[in-house]
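Enquirer: Only the shape, not the letters, is given here:
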């Protein structure tokens, strides 16, 4: 009646009333209805159907019948997943981790995240990485590379700067249980030091097609702790320092006017200075040396391009 039934949560019972016209013998009636699964894992339950036939002053009972379920069917990667109220909780592996490529202020920085799930994370699910505060990367879309490749829709994610959150949608095929997935994306570090790595977490949302999704509980990613570019702990996410020169000195070989003079500069960087970087020495006014290219010798040798 009214295409509705009365539900009792404590016993998991749905009571239906047959409408006008009844249900003829031998006719199979398939009934579907939506519930929200419990919040913890459990084995499948045994469904039982029974009834009473309305025939006047005294009803006629229909005896209990155990409903059969396919215990071998695989659903969402779960064997027996079609069995009624067999429930599993998808979780990220506790070894899921995060690191960075450059711990220097204002620099481009590739963030690398490794995640593993214990059950299939199906296509259409979302993965949210949050806590990457300390960038200058504005809200928008970030390109994401992954290994295996193409596991996220359009190889892109949606970025929110204020919370340092990247939201990704799982592509066709899903994320397979126990498979490690490595994803990388680029941000621009903020322009001030941040001397402690940020705490970054990963969580997920699995759409059910109904009113209630299944949430993948937030997990704090294991932060890399190694040294990077001469920075202690610099591999940790968004641990940022400003490079500086330390203990620099300058001298000359001749104080005589118009003579040749070898200027010797000693420089020590607080961080590794990568190939292609520039070092500028300025303030050496009072020469007759015209604009152009000067030959440079260095110890160690050949530190500078073309020794010029």
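Expert: Arrived safely. Note that this is a predicted model, so its numbers are computed, not measured.
Enquirer: Quickly find the element holding the residue positioned nearest the centre of the chain.
Expert: The chain has residue 129 as the residue nearest its centroid, 3.9 Å off, counting by C-alpha atoms, centre = their mean. Assigned by DSSP states H and E, residue 129 belongs to strand 126-130.
Enquirer: what lines up beside that strand in the sheet?
Expert: Strand 126-130 has the following strand partners under DSSP bridges: strand 165-169 (antiparallel), strand 201-206 (antiparallel).
Enquirer: As CSV, these with distance to residue 267 and mean pLDDT would be great.
Expert: In short, each C-beta sits where N, CA and C put it, glycine included. Converted to CSV, these look like this (distance: least, C-beta to C-beta, whole Å; pLDDT from 0 to 100):
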stretch, distance to residue 267, mean pLDDT
strand 165-169, 38, 98
strand 201-206, 41, 97
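Enquirer: Where do the strands of the stretch 51-200 of the chain begin and end?
Expert: 60-66, 74-75, 78-79, 97-100, 108-115, 126-130, 140-143, 145-147, 156-160, 165-169, 181-188 (DSSP state E, counting those that start in this stretch).
Enquirer: and the closest residue to the residue nearest to the centre of the chain other than its chain neighbours, what does it touch?
Expert: With C-beta to C-beta, 6 or more residues apart in numbering as the criterion, residue 129 has its nearest non-adjacent residue at 4.7 Å, and that residue is residue 166. For residue 166, the contact set (C-beta atoms under 8 Å, 6 or more residues apart in numbering) comprises 128-130, 132, 142, 144, 157-159, 185.
Enquirer: which of these count as buried?
Expert: Buried by 16 or more other C-beta atoms under 10 Å: 128-130, 132, 142, 144, 157, 159, 185, out of the contacts of residue 166.
Enquirer: Max pairwise distance over the residues you listed: which two?
Expert: Spanning the widest gap among these are 130 and 144, at 15.1 Å by C-beta to C-beta.
Enquirer: How much space separates residue 141 from residue 174?
Expert: Separation of residue 141 from residue 174 (C-beta to C-beta, to the nearest Å): 22 Å.
Enquirer: With neighbour numbers in mind, choose between the two.
Expert: When neighbours are counted by other C-beta atoms under 10 Å, residue 141 and residue 174 differ, and residue 174 comes out ahead with 20 against 10.
Enquirer: That one touches residue 117, doesn't it?
Expert: No - using C-beta atoms under 8 Å, residue 174 makes no contact with residue 117, being 9.1 Å away.
Enquirer: ok, the residue nearest to the centre of the chain - contacts?
Expert: With contact taken as C-beta under 8 Å, 6+ apart, residue 129 is in contact with 98, 113, 165-168, 200-202, 221.
Enquirer: quick one, which of the strands paired with strand 126-130 is nearest to residue 295?
Expert: strand 165-169 (48.5 Å).
Enquirer: how about that closest one: buried residues?
Expert: Neighbour counts using 16+ other C-beta under 10 Å place 165-166, 168-169 of strand 165-169 among the buried residues.
Enquirer: One more: stretch 74-83?
Expert: Quick answer for stretch 74-83 (16+ other C-beta under 10 Å): 76-78, 80-83.
Enquirer: Could you single out the nearest of those to residue 62?
Expert: For the buried residues of stretch 74-83, the nearest to residue 62 is residue 83 (23.7 Å; C-beta to C-beta).
Enquirer: which ones are touching the closest one?
Expert: 44, 69-71, 73.
Enquirer: Any idea how many residues pack against the nearest residue to residue 192 once chain neighbours are set aside?
Expert: Closest residue in space to residue 192, ignoring its immediate chain neighbours: residue 105 at 6.3 Å, by C-beta to C-beta, 6+ apart. By the measure other C-beta under 10 Å, the count of residues near residue 105 is 18.
Enquirer: before we move on, what about residue 117?
Expert: Counted by other C-beta under 10 Å, the residues lying close to residue 117 total 26.
Enquirer: ok, it touching residue 177?
Expert: Yes - using C-beta under 8 Å, residue 117 is in contact with residue 177, at 6.1 Å.
Enquirer: quick one: the closest residue in space to residue 214 that isn't next to it in sequence and residue 90, what's the gap?
Expert: With sequence-adjacent residues excluded and distances taken as C-beta to C-beta, 6+ apart, residue 214 is closest to residue 206, at 4.3 Å. Using C-beta to C-beta, one gets 6 Å for the distance from residue 206 to residue 90.
Enquirer: Residues that sit against both of those two, list them.
Expert: 121, 214, 216.
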